[in-house]
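>>> Turn this into a model:
(chains A and B)
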Number of protein chains: 2
Amino acid sequence: MCELLGMSANVPTDICFSFTGLVKRGGETGPHRDGWGITFYEGKGCRSFKDPRPSCESEIAELVKAYPIKSEAVISHIRQANRGGVSLENTHPFTRELWGRHWTYAHNGQLSDYHDLPTGDLLPIGETDSEKAFCWILAQLKQHFPTKPSDLTPVFEFLAQSGDTLRAKGVFNMLLSDGEYVLAYCSNNLHWLTRRAPFGKARLIDEDMVIDFQQETTPNDIVTVIATRPLTEGEPWVKMATGAFVVFKYGEIVFERVITDDLAKAD
Amino acid sequence: MCELLGMSANVPTDICFSFTGLVKRGGETGPHRDGWGITFYEGKGCRSFKDPRPSCESEIAELVKAYPIKSEAVISHIRQANRGGVSLENTHPFTRELWGRHWTYAHNGQLSDYHDLPTGDLLPIGETDSEKAFCWILAQLKQHFPTKPSDLTPVFEFLAQSGDTLRAKGVFNMLLSDGEYVLAYCSNNLHWLTRRAPFGKARLIDEDMVIDFQQETTPNDIVTVIATRPLTEGEPWVKMATGAFVVFKYGEIVFERVITDDLAKAD
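Numbering: from 1, shown residues only, chains lettered A, B, ... in the order given. Coordinates of the predicted model:
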């Protein structure tokens, strides 16, 4: 299994604090030694840092921890390989273009019977089930929505259903973003937390580090963090239900998939 | 105008020395203050570092200079903006998937009448003539070669012709790579140099720095560097002719486009 970390904020915000907790799990407080990656959006542009080496030993992770890159949307992942060897091409997040935007994706879980998923002319580069599923999602989106609809509600509904299809093949916890929206699909393990005024202090679970958000924020800041497991103590992390799907924009929920009895029973 | 830097090598080689010379031109010994980027391949995977800030002031450029990332194929670019504002999405190199590989591209020059170039379902994300031309090249390739041919000679000939089409629209110096091949098309300003045994010393033009390649290499190493302008003194840089197109693999030329009289007359 792997660990996911995402962020959606209404002001460019650095993710140094949360990322510091995450990288500890990459070989030190957690077993995820098979690489890590992080993608920061700045408007329509994005930049990724990736390393197939453990995050707790990576010079590039040190840079990312120390250098406060401010972003409104972030996707990060640390990997414990199951499908696909330890290599740069198998390291999440994966980014592809759709509708003239970069779409970035990271997956936690493991799929079976995924080889036949049709991906159109989007070919996977590495060997992971995760990248194959990503190509399938984007190919499906492209087929159903050749251009970006002005109302994205049907796109979000479609993505929730795509998540269900993949969850039926194993475990599928996913983060996805186009830089404006940050989308989270939960199979069995995903939590989120929104920080807004009045801000307080938080303590990392994985490292002896406390931050006082009061000192780091303005009263209008809204910052949502999404993670496989809560990264801090003493904050009201929301555990997502199986089949739950939530879309954040500028830190706020803009779409949420209601979990019906039928969906719950399906597990 | 901008400056290009590429490398093709038969062993994973770091580009710290050449990159150190290049970044000086990003606002210090040269006027290219509008961002920089570098993409390193490791097998089928690649990683990019990008910054819309001047390379001579960039913390990320400091990391890339100091941390010897070894690669067999590298594409780098420093930018002096003409078409498109200074932003991350307009920062080269650009990377897209074709035939299950990452293709990475950087352009030096400026094009006119490029808006109508058809790019199929590959949409540009930023506003540059460069990215538009890249999407056009890949869309053309995809249309003419839906799958990767086992003999790439017709692909290289096709790319040389694509370069001619773009050169007719202005200035088009280009570096392109899929991680295995590094391709260079010259409109008016591109040089290359192959280093192999017996290795000697070289001095950077842009910084007071000397390297003794004898100390850094083994006798079998073959490393080709491609740059807009020579980066070192006292080495036999080859100036490419207008319309010249050369493809390197593991540091060696594997395809070269002969410049005919007709092509020369076209300028």
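
>>> Show me which residues of chain A sit near chain B.
When proximity is defined by C-beta under 8 Å from any C-beta of the partner chain, chain A lies next to chain B at A:42-52, A:59-60, A:63, A:67, A:87-91, A:96-97, A:99-102, A:121-126, A:142. Using the backbone N, CA and C atoms, a C-beta is placed for each residue, glycine as well.

>>> and residue A:100, what is it in contact with?
Applying C-beta atoms under 8 Å, 6 or more residues apart in numbering or on different chains, we find residue A:100 in contact with A:148, B:123, B:124, B:125.

>>> Report the closest residue of the stretch 151-267 of chain A relative to chain B.
Of the stretch 151-267 of chain A, the residue with the smallest distance to chain B, taken as C-beta to the nearest C-beta, is residue A:179 at 9.2 Å.

>>> contacts for stretch A:91-99?
Outside stretch A:91-99, the residues that touch it by C-beta under 8 Å, 6+ apart are A:2, A:35-39, A:46, A:48, A:50-52, A:75-77, A:79, A:102-107, A:122, A:130-131, A:134-135, A:138, A:141-142, A:145, A:147-148, A:175, A:178, B:45, B:96-97, B:122-123, B:125.

>>> Quick one: end-to-end length of it, please.
Across its full length, stretch A:91-99 reaches 24 Å end to end, with C-alpha to C-alpha, to the nearest Å as the criterion.

>>> on that earlier part again, buried ones only from the contacts of residue A:100, please, as a ChimeraX command.
One line in ChimeraX is enough to select the buried ones among the contacts of residue A:100; burial here means 16 or more other C-beta atoms under 10 Å in any protein chain shown:
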select /B:123,124,125
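
>>> In TSV: the contacts of residue A:100, plus secondary structure and pLDDT.
As requested, these are exported to TSV (DSSP: H, G, I helix; E, B strand; the rest coil; pLDDT from 0 to 100):
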residue	secondary structure	pLDDT
A:148	coil	96
B:123	coil	97
B:124	coil	98
B:125	coil	98
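
>>> From the contacts of residue A:100, pick the one nearest residue A:11.
Within the contacts of residue A:100, distances to residue A:11 taken as C-beta to C-beta reach their minimum at residue B:125, with 22.7 Å.

>>> and the residue nearest the centre of chain A, which of the three is it?
In chain A, the residue lying closest to the centroid (C-alpha atoms, centre = their mean) is residue A:175, at 3.1 Å. In the three-state summary, residue A:175 is assigned as strand, counting by DSSP: H, G, I helix; E, B strand; the rest coil.

>>> What of residue A:63?
With three-state DSSP as the basis, residue A:63 sits in helix.

>>> shaky segments in the stretch 151-267 of chain A?
Per-residue confidence for the stretch 151-267 of chain A (pLDDT under 70) gives these ranges: A:258, A:260-267.

>>> could I get stretch A:28-42 in PDB with only the CA atoms?
Output of stretch A:28-42 as PDB, limited to C-alpha atoms (Å, rounded to 0.1, in the frame of the first residue of the first chain):
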ATOM      1  CA  GLU A  28      11.100   5.700   8.700                       C
ATOM      2  CA  THR A  29       7.800   5.700  10.500                       C
ATOM      3  CA  GLY A  30       6.200   3.800   7.600                       C
ATOM      4  CA  PRO A  31       7.300   1.100   5.200                       C
ATOM      5  CA  HIS A  32       6.800   3.100   2.000                       C
ATOM      6  CA  ARG A  33      10.400   2.900   0.700                       C
ATOM      7  CA  ASP A  34       9.700   2.600  -3.000                       C
ATOM      8  CA  GLY A  35       9.700   6.200  -4.100                       C
ATOM      9  CA  TRP A  36       7.700   9.400  -3.700                       C
ATOM     10  CA  GLY A  37       6.500  12.300  -5.700                       C
ATOM     11  CA  ILE A  38       4.700  15.600  -5.400                       C
ATOM     12  CA  THR A  39       3.000  17.900  -7.900                       C
ATOM     13  CA  PHE A  40       2.400  21.600  -7.300                       C
ATOM     14  CA  TYR A  41       0.100  23.600  -9.400                       C
ATOM     15  CA  GLU A  42       0.700  27.300 -10.100                       C
END
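
>>> Mind listing what's buried along that stretch?
A:28-30, A:32-42.

>>> Stretch A:84-95 too?
A:84, A:87, A:88, A:89, A:90, A:91, A:92, A:93, A:94, A:95.

>>> which element is the closest residue to residue A:250 other than its chain neighbours on?
Once its chain neighbours are removed from consideration, residue A:250 has its nearest residue in residue A:10; the separation is 3.8 Å (C-beta to C-beta, 6 or more residues apart in numbering or on different chains). Element membership of residue A:10, judged by DSSP states H and E, is strand A:3-14.

>>> Over to residue A:118?
Secondary structure assignment for residue A:118, by DSSP H and E: no helix or strand.

>>> and if you look at residue A:41?
Going by DSSP H and E, residue A:41 is part of strand A:36-42.

>>> Can you tell me what sits against the host helix or strand of residue A:160?
Secondary structure from DSSP H and E places residue A:160 in helix A:153-167. Residues external to helix A:153-167 that are found in contact with it (C-beta under 8 Å, 6+ apart): A:111, A:114, A:133, A:136-137, A:140-141, A:144-145, A:148-149, A:172, A:174, A:176, A:183, A:185, A:187, A:242-243, A:245, A:247, A:255, A:257, A:263, A:266.

>>> Which of these are buried, as a PyMOL select command?
Burial among the contacts of helix A:153-167 is assessed by 16+ other C-beta under 10 Å; the matching PyMOL selection reads:
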select buried, chain A and resi 111+114+133+136+137+140+141+172+174+176+183+185+187+243+245+247+255+257+263
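
>>> Sitting in helices, which of the contacts of helix A:153-167 do you find?
Using DSSP state H, the members of the contacts of helix A:153-167 that fall within helices are A:133, A:136, A:137, A:140, A:141, A:144, A:263.

>>> Now the phi/psi pair for the closest residue to residue A:67 other than its chain neighbours, please.
What sits nearest to residue A:67 in space, not counting adjacent residues and going by C-beta to C-beta, 6+ apart, is residue B:59, at 5.3 Å. According to degrees, to the nearest 10, the main-chain angles of residue B:59 amount to phi -60, psi -40.

>>> Quickly list what the closest residue to residue A:255 other than its chain neighbours is bridged to.
Distances taken as C-beta to C-beta, 6+ apart place residue A:247 nearest to residue A:255, at 3.9 Å, with adjacent residues excluded. Going by DSSP bridges, residue A:247 is paired in beta bridges with residue A:183, residue A:255.

>>> Let me see the contact set for residue A:247.
Taking C-beta under 8 Å, 6+ apart as the test, what residue A:247 contacts is A:156, A:181, A:182, A:183, A:184, A:253, A:254, A:255, A:256.

>>> Of these, keep whichever come out buried.
Among the contacts of residue A:247, those buried by neighbour count (16+ other C-beta under 10 Å) are A:156, A:181, A:182, A:183, A:184, A:255.

>>> Please report the distance of the fourth one from residue A:200.
When C-beta to C-beta, to the nearest Å is the yardstick, residue A:183 and residue A:200 sit 28 Å from each other.
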